[in-house]
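Engineer: Take a look and give me a structure for this.
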Amino acid sequence: MISILQLIVLIVLVGVILWLVNTYIPMDAKIKQILNVVVVIVLILWLLAVFGLLPMLNRPVIPG
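Structural biologist: The predicted model follows:
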């Protein structure tokens with residue numbers, strides 16, 4: 001189980017990395033917006049899985 005402190009550190013770390021990418025890597029505004037949305041959605045899904053609210057991410061996926 002992951003502690004609250006680890007969760008906070010991880011969220012801050014993701015935010016800092018996203019800020020660094022948005023600030024120092026030149027790219028079109030549309031691409032930045034898409035990148036930000038994707039990162040936020042992935043982070044929310046991961047947090048839901050960590051708290052057990054999204055149990056489908058806890059099962060291993062075995063392809064056909």
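Engineer: Where in this protein is the helix or strand with the lowest mean pLDDT?
Structural biologist: Least confident helix or strand, the chain: helix 29-50 with a mean of 92, by mean pLDDT, DSSP states H and E.
Engineer: Of all the residues in it, which ones are buried?
Structural biologist: By 16 or more other C-beta atoms under 10 Å, the buried positions in helix 29-50 come out as 46, 50. Every C-beta, even on glycine, is put in place using the N, C-alpha and C of the backbone.
Engineer: The residue nearest in space to the middle of the chain and residue 28, how far apart?
Structural biologist: Geometric centre of the chain, nearest residue: residue 43, 2.6 Å, by C-alpha atoms, centre = their mean. Shown here: residue 43 relative to residue 28, a distance of 23 Å by C-beta to C-beta, to the nearest Å.
Engineer: Test for you: state the pLDDT assigned to residue 14.
Structural biologist: Listed pLDDT for residue 14 reads 95.
Engineer: which of the residues in whichever strand or helix holds it are buried?
Structural biologist: Taking DSSP states H and E as the criterion, residue 14 maps to helix 4-24. Residues of helix 4-24 classed as buried by neighbour count (16+ other C-beta under 10 Å): residue 18.
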